[in-house]
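**Q** structure of the sequence below:
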Amino acid sequence: MLDVWFRASSIAHSFLPADFFEVERREIAERWLPMAETIVFEADEGVIGFLSLIDNEVGAIFVDPDAQGRGVGRALMDAARESRPFLELGVFEANSIGRRFYDAYGFELVERRLDEATGEPELRLRLGRPPEEGEPI
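**A** Predicted structure coming up:
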């Protein structure tokens, strides 16, 4: 999964410095993946995509660049959507690949802010509606 993350992230996040990827790779392996519910998409060549959820947050969705455009991302997001009443995520504004995918899938802008770790503008997106206070999930 980390190889898929690195290959896809290097392309989608080419605007970030190289040292970001070194730190983030460790954080993903040691901190985020152990606490997340992860959906994996496998093919004959092995893992070609994954999506990690923490509650309603899509913490990661990455598809190997060689497998992009084959419906893997949509299948992963469909599985996440079926398991949650709504989904939220953050995407760097400069990540045109991710933004196109999220726009096509139907995510809507909730907020624009600066990512503290990178200083890059980040968009907060949501798919679906969170339940109101006291409303059943």
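**Q** the helices in this structure, which residues?
**A** 2-12, 18-27, 33-35, 72-83, 96-105 (DSSP state H).
**Q** what's the angle from the helix or strand of the chain with the lowest mean pLDDT to helix 2-12?
**A** Within the chain, confidence by mean pLDDT, DSSP states H and E is lowest for helix 18-27 among all helices and strands, at a mean of 89. On the basis of axes from the mean of the first three to the mean of the last three Cα atoms, to 10 degrees, helix 18-27 is oriented at 150 degrees to helix 2-12.
**Q** any chance of a markdown table for the helices of the chain, columns mean neighbour count and distance to A117?
**A** Backbone N, C-alpha and C define where each C-beta goes, glycine included. A markdown table is the format used below for those (neighbours: other Cβ atoms under 10 Å; distance: least, Cβ to Cβ, whole Å):
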| stretch | mean neighbour count | distance to A117 |
| --- | --- | --- |
| helix 2-12 | 18 | 14 |
| helix 18-27 | 12 | 8 |
| helix 33-35 | 12 | 18 |
| helix 72-83 | 16 | 24 |
| helix 96-105 | 16 | 17 |
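**Q** low-confidence stretches in this protein?
**A** Applying pLDDT under 70 to the chain flags residues 133-137.
**Q** still on that earlier bit, in CSV, list the helices of the chain along with distance to A60.
**A** Listed next are these as CSV, based on distance: least, Cβ to Cβ, whole Å:
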stretch, distance to A60
helix 2-12, 7
helix 18-27, 10
helix 33-35, 8
helix 72-83, 10
helix 96-105, 11
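**Q** before we move on, back to that, could you dump the least confident helix or strand of the chain to CSV, C-alpha only?
**A** Once non-C-alpha atoms are left out, helix 18-27 reads as follows in CSV (Å, rounded to 0.1, in the frame of the first residue of the first chain):
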residue,chain,number,x,y,z
ALA,A,18,10.7,15.7,-1.3
ASP,A,19,11.2,15.7,2.4
PHE,A,20,7.5,15.9,2.9
PHE,A,21,7.1,12.4,1.4
GLU,A,22,9.7,10.9,3.7
VAL,A,23,8.0,12.2,6.8
GLU,A,24,4.5,11.4,5.6
ARG,A,25,5.4,7.8,4.6
ARG,A,26,6.5,7.1,8.2
GLU,A,27,3.4,8.8,9.6
